[in-house]
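**Q** Just the structure for this:
(chains A and B)
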Number of protein chains: 2
Amino acid sequence: MRIKLHTRFQNSAGERVRIVLNLKGVAYDYVAAPPVTSDAYRAINPQGLLPTLEIDGVTVAQSMAIIELLEELFPTPSIFPADPILRAKVRGFAQHISADLHPINNRRVRKYLETEMGQSEAAQMAWYRHWVAVTFAALEAELKRCDAAASFCFTHQPTLADFCLAPQMANARRFDCDLAPYPLLVAIDARCRALPAFAAARPEAMPDYSPAG
Amino acid sequence: MRIKLHTRFQNSAGERVRIVLNLKGVAYDYVAAPPVTSDAYRAINPQGLLPTLEIDGVTVAQSMAIIELLEELFPTPSIFPADPILRAKVRGFAQHISADLHPINNRRVRKYLETEMGQSEAAQMAWYRHWVAVTFAALEAELKRCDAAASFCFTHQPTLADFCLAPQMANARRFDCDLAPYPLLVAIDARCRALPAFAAARPEAMPDYSPAG
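**A** Residues are numbered from 1 along each chain as shown, chains lettered A, B, ... in the order given. Prediction:
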């Protein structure tokens, strides 16, 4: 089985997938994708969004769909808790980031705000920080109700919830978001960063990394 | 097992879950939720988004997490194809709607455009239609590459892809989006609407329905 991940170093949805591939010890080829609006990229992913997983020439879009597939193909170690309700809570936490935060703050949306709505750089930054604050407050509140002894979002092992959280925390720092109100998120993120699977998935560790962004 | 779905008639993420409950023949209590910003609602769902599933007093947020849980608890009939790659394609199609279209066009986002960015009703409508057009064009392109004989998005039975598509088509009509460029989506949606599980999940069939919206 030949696995390729079409992504880019800054692509945080791709970073989730890279963490999963690392944790499961799955070998893959990292492919620095061409512009998502190019014909070359649309040919492998009509959605025009990153990342795309390619398995023996067959392509799959959407990080959350890719990760569920990887869990099915390579079940050990699992990225979910064994209990169905806890697994649902993990997926619900992850989706709150992957569906209700990340797409709203995505580059294509900010570009629309600028070009079609004439919004200044400052207004775009306020937008970005607003959705981070709304979402992180909810995530922090959710974790406050959970097992206080858990090292990661819900459990003692990192799960899909953590794979979605960690790249988003890095983004929030890059955009100067105030993280002081979220001590649980900050502590969990620090534990994630210390794990090799997370560290090896960071933008700075990617072959196409450039400090210019 | 006592199942409650906290939703509202216009909540299209909730409509996805209602279709699944209907298809699987799972009995549930429909609870018309109070305002999502209220303390009463935040107590059951800190994310402040609809819907919430409650099973014997335990709550789960996010429609996609709820649906995966229902599939695990009530596996027959399945809402996914048996083949793992096809299942991933279904999830990828569904996520493109649930993550990259629906949250961007959600009411709370349009409200921000209005109150924080001073965008007119016309500008908000252009925003709404822009993201529908971008997403539907990609979905149509994706289906064009698939099994032409399939009655639904990828297969001969409706799956999660169809549960996400149908409510979004109704929303697009409500917002006067031009659907002529998407003949495959329109045909599939018509087949979905003819099924009792979809019809019984429609906003008009809900106990809190009001034509005023």
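
**Q** Alpha carbons only: can I get the one helix or strand in chain A whose mean pLDDT sits lowest in CSV?
**A** Least confident helix or strand, chain A: helix A:39-44 with a mean of 95, by mean pLDDT, DSSP states H and E. What follows is helix A:39-44, C-alpha atoms only, in CSV (Å, rounded to 0.1, in the frame of the first residue of the first chain):
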residue,chain,number,x,y,z
ASP,A,39,-6.1,22.5,-12.3
ALA,A,40,-3.4,20.1,-11.1
TYR,A,41,-4.8,20.1,-7.5
ARG,A,42,-8.4,20.2,-8.6
ALA,A,43,-7.7,17.0,-10.5
ILE,A,44,-7.0,15.1,-7.3
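
**Q** Give me the distance from that helix to the chain's centre.
**A** Using C-alpha atoms, centre = their mean, to the nearest Å, the mean C-alpha position of helix A:39-44 is found 22 Å from that of the whole chain.

**Q** Can you tell me what sits against it?
**A** Applying C-beta atoms under 8 Å, 6 or more residues apart in numbering or on different chains, the contact partners of helix A:39-44 are A:6, A:33, A:34, A:35, A:36, A:48, A:52, A:54, A:59, B:141. C-beta here means a position set from N, CA and C on the backbone, and glycine is covered the same way.

**Q** Could you pull up phi and psi at the closest residue to the second one other than its chain neighbours?
**A** Closest residue to residue A:33 apart from its sequence neighbours, by C-beta to C-beta, 6 or more residues apart in numbering or on different chains: residue A:6 at 4.5 Å. Listed backbone geometry of residue A:6 is phi -90, psi 110, with angles given as degrees, to the nearest 10.

**Q** wait, what's in contact with residue A:6?
**A** Counting by C-beta under 8 Å, 6+ apart, residue A:6 touches A:31, A:33, A:41, A:44, A:45, A:50, A:51, A:52, A:53, A:54.

**Q** which neighbours does the helix or strand just after the least confident helix or strand of chain A have in its sheet, and in what orientation?
**A** Going down the chain from helix A:39-44, the next helix or strand is strand A:52-55, by DSSP states H and E. Using DSSP bridges, the strands paired with strand A:52-55 are strand A:3-7 (antiparallel), strand A:58-61 (antiparallel).

**Q** ok so, going back, bridging residues for the residue nearest to residue A:33?
**A** Residues in a beta bridge with residue A:6, per DSSP bridges, are residue A:31, residue A:52.

**Q** For residue A:17, see how far away it is.
**A** 10 Å (C-beta to C-beta, to the nearest Å).

**Q** All the helices of chain A, in order from the start?
**A** According to DSSP state H, chain A carries its helices in the segments A:12-24, A:39-44, A:63-73, A:84-98, A:107-115, A:121-144, A:160-174, A:183-193, A:196-199.

**Q** between these, which gets nearest to residue A:208?
**A** When the helices of chain A are compared by C-beta to C-beta, helix A:12-24 sits nearest residue A:208, at 11.1 Å.

**Q** Name the residues of the closest one that are buried.
**A** Going by neighbour count (16 or more other C-beta atoms under 10 Å in any protein chain shown), the buried part of helix A:12-24 is A:12-24.

**Q** and that helix, what does it pack onto?
**A** In terms of contacts (3 or more C-beta pairs under 8 Å, 6 or more residues apart in numbering or on different chains; DSSP states H and E), helix A:12-24 is packed against strand A:3-7, helix A:63-73, helix A:160-174, helix A:196-199.

**Q** what's the closest residue to residue A:124 other than its chain neighbours in contact with, if anything?
**A** Sequence neighbours aside, residue A:110 is the residue nearest to residue A:124 in space, at 5.0 Å (criterion: C-beta to C-beta, 6+ apart). Contacts for residue A:110 (C-beta under 8 Å, 6+ apart) come out as A:124, A:127, A:128.

**Q** same deal with residue A:50?
**A** By C-beta under 8 Å, 6+ apart, the contact set of residue A:50 is A:6, A:7, A:8, A:11, A:13, A:14, A:33, A:36.

**Q** What does the fourth one show for phi and psi?
**A** The one in question is residue A:11. Residue A:11 adopts backbone torsions of phi -80, psi 100, taken as degrees, to the nearest 10.

**Q** Check the burial of it by counting its neighbours.
**A** Residues lying near residue A:11 (other C-beta atoms under 10 Å in any protein chain shown) number 23.

**Q** In this structure it contacts residue A:51, no?
**A** Yes. At 5.9 Å, residue A:11 counts as touching residue A:51 under the criterion of C-beta atoms under 8 Å.
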